[in-house]
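1. Have a look at this prediction, sequence included:
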Amino acid sequence: MTTDGRTTRAIRIERLGPPEVLVQRDIPLGVPGPGEVHLRVEASGVNFADLMMRVGLYGTVPPRPFSPGFEVAGTVVEVGPDVTGWAPGDPAVALLEIGGYARDVIVPTPQLFRRPPSLSPAEAAAVPVAFLTAWVCLFEAARAREGERTLVLGAAGGVGTAAIQLAVGAGLRVVGTAGTPAKRTFVTDELGAEACFDSRGDWEPEVRRHFGPRGLDVALDPVGGSATVACRRLLAPLGRLVFYGMSQALPGRRRNWLRAALAWFRTPRFHPAQLTEPNQGIFGVHLLHLGDKAHPVLAPGLERIYERVVNGELRPVLDRTFPLDRDGAVAAHVRLHARDNLGKIVLVAGGSDG
């Protein structure tokens, strides 16, 4: 791919460490090839996986240096040869394998989606990873059905707030966990969960009292460690545990190998025979590894999600925006490390909400 001497500004990971290791660089920008478009980025979603990449605890990363960022919203600048259905000026959203912390990206058209004009770039960028992860966990992996009793760990985060809304909308009985009284009140009063328990305390007995012993049909677990053990104890016969992260491995701003190892070893390993007597299912979800299933699963899912956002059935819960520059990315990572966010954090070109 040629660059024509063009560059773009990107926030990159050049070495591992705390948020302050992020740097800003001018890097070469490719020319869109066949089936690709050049997208000018106006907003970029921040995910916990970005933090795991920065400290070296994420499994699938390119060689450094690289820019994190899985989702962006922006405007098409240029289309490559053989591209149909897209033109300069079109508002769009893109799902990326990497590189979203940048002012420009080159995107293959299968990873490009229509951005509803009624949504701001920040609102649009807050949707794809959070809602698609929740969608796949609930309805593709767990095959959740109306009336089933569901637990969402981390219910006040980006994926958690999406999962609560999707579960309530599907007629599930849903409870969550969150770390502060204000977050727990938001999850119940604003998002419609039946209850929300203290994620920093012993929430397992609370879930058991609410749904009964082994009363859980579906558990969504981005935490790992002892939380996974608790979820499994709570599962009903034919219950499903969906695992999609291990935030317990990263409790602070820096990598701590001892804490990471403890989280890893406290997360149970399963032999298939151990699942037969309790009649339980365990599923893992990683959007970037759906392979040939990605587009047929994610494209209609995201289209339907945006339709429901536009008509008011769903809403992206936007915690804060920070500038799409190095200082903004550092501040965003600091806030996410501290678990201060309620909903999604987004980097925006040209400013923030303070």
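-> Happy to help now that I have it. On a predicted model such as this, the values are computed, not experimentally measured, just so you know.

2. Do a quick rundown of the helices in the stretch 251-354 of the chain.
-> For the stretch 251-354 of the chain, the helices defined by DSSP state H, counting those that start in this stretch cover 257-266, 272-276, 294-310, 326-337.

3. Tell me which of the ones you listed approaches Ala134 most closely.
-> Each of these has some distance to Ala134 by Cβ to Cβ; the shortest is helix 294-310, at 9.2 Å. Glycine gets a C-beta too; all of them are placed from N, C-alpha and C.

4. rewinding a little: quick one: closest of the helices of the stretch 251-354 of the chain to Arg25.
-> helix 326-337 (9.1 Å).

5. from the middle of its chain, how far away would that closest one be?
-> Mean C-alpha position of helix 326-337 versus that of the full chain (Cα atoms, centre = their mean, to the nearest Å) differs by 16 Å.

6. With stretch 342-352 instead?
-> For stretch 342-352, the distance to the chain centre is 14 Å (Cα atoms, centre = their mean).

7. So for it, mean pLDDT?
-> Averaged across stretch 342-352, pLDDT comes to 90.

8. Only the buried residues of that stretch, if you could.
-> Leu342, Gly343, Lys344, Ile345, Val346, Leu347, Val348, Ala349, Ser352 (16 or more other Cβ atoms under 10 Å).

9. Now, these that are in strands?
-> Lys344, Ile345, Val346, Leu347, Val348 (DSSP state E).

10. Between the residues you listed, which sits nearest Thr188?
-> Closest to Thr188, out of all of these and judged by Cβ to Cβ, is Lys344, at 19.3 Å.

11. Report the beta-bridge partners for the closest one.
-> Leu318 (DSSP bridges).

12. my guess is it meets Phe322, correct?
-> No - contact criterion Cβ atoms under 8 Å: Lys344 and Phe322 do not qualify, at 11.8 Å.

13. can you map out the strands along the stretch 101-250 of the chain?
-> 104-108, 112-114, 149-152, 173-178, 195-198, 216-221, 235-243 (DSSP state E, counting those that start in this stretch).

14. Can you tell me what sits against the third one?
-> To tie it back to what came earlier, the one meant is strand 149-152. With Cβ atoms under 8 Å, 6 or more residues apart in numbering as the test, strand 149-152 has contacts from 138, 144, 160, 163-164, 167, 172-177, 193, 207, 211, 215-220, 231, 234, 236.

15. neighbouring strands for that strand, and are they parallel or not?
-> Partner strands for strand 149-152, per DSSP bridges, with pairing direction: strand 173-178 (parallel), strand 216-221 (parallel).

16. pull the helix or strand with minimum mean pLDDT from this structure.
-> Lowest by mean pLDDT, DSSP states H and E among the helices and strands of the chain is helix 257-266, with a mean of 58.

17. Phi, psi for Ser44 please.
-> Note on Ser44: backbone dihedrals following degrees, to the nearest 10 are phi -140, psi 120.

18. Show me what it is bridged to.
-> With DSSP bridges as the rule, Ser44 is bridged to Val72, Leu347.

19. got the contact list for it?
-> Gly69, Glu71, Val72, Ala73, Gly100, Tyr101, Ala102, Ala125, Leu324, Val346, Leu347, Val348.

20. domains of the chain?
-> What automatic domain parsing lists as the domains of the chain is 7-126+316-348, 129-289.

21. Thr228 is in contact with Thr267, isn't it?
-> Yes - under the criterion of Cβ under 8 Å, Thr228 makes contact with Thr267 at 5.1 Å.

22. And the two? Which one has more around it.
-> Thr228 (22 against 19; other Cβ atoms under 10 Å).
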